[in-house]
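>>> quick one: sequence plus predicted model below, questions after.
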Amino acid sequence: MSAKREKVVNIININLLTYFNVICARLFEFHGDRVSNPEVLEGTGQQRLQDIAAERRLRIAGHIIRLPQEIPAKYAMTRIPEGMRKVGK
């Protein structure tokens, strides 16, 4: 490779590295401004995921409680197991 060509390749590599450093700096600036989850939920007016899951569990429990006793879901929810579990894993 000629000296002139090596110089051109080096300049291109330096330009690429400079561009890469600028991009990385922008990414770190962006990630430096973080917002906490409670702030996001408050700003958007949404509920926490735990609250949504609890509400849905209660809703399905209300439906199951109204089912007839012979339905397997109602039986499983109201059944009290006999005895004790085996000791172990």
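Structure received.
>>> how near is E42 to A73?
As judged by C-beta to C-beta, to the nearest Å, E42 and A73 stand 37 Å apart. Quick note: C-beta positions are derived from backbone N, CA and C, even for glycine.
>>> ok, R26 next?
For R26 relative to A73 (C-beta to C-beta), the value is 54 Å.
>>> same check on F20?
58 Å.
>>> kindly report the same for G88.
Separation of G88 from A73 (C-beta to C-beta): 29 Å.
>>> residue contacts, Q47?
By C-beta atoms under 8 Å, 6 or more residues apart in numbering, Q47 lies in contact with L41.
>>> host element of P81?
Assignment of secondary structure by DSSP states H and E places P81 within no helix or strand.
>>> got it, and M84?
Going by DSSP H and E, M84 is not in any helix or strand.
>>> same check on F20?
Going by DSSP H and E, F20 is part of helix 3-32.
>>> next: R57.
Element membership for R57 (DSSP H and E) is helix 49-65.
>>> same for that helix, what does it pack against?
Here helix 49-65 touches helix 72-78, going by 3 or more C-beta pairs under 8 Å, 6 or more residues apart in numbering; DSSP states H and E.
>>> and if we set it to 10 Å?
Secondary-structure packing of helix 49-65 (3 or more C-beta pairs under 10 Å, 6 or more residues apart in numbering; DSSP states H and E): helix 37-44, helix 72-78.
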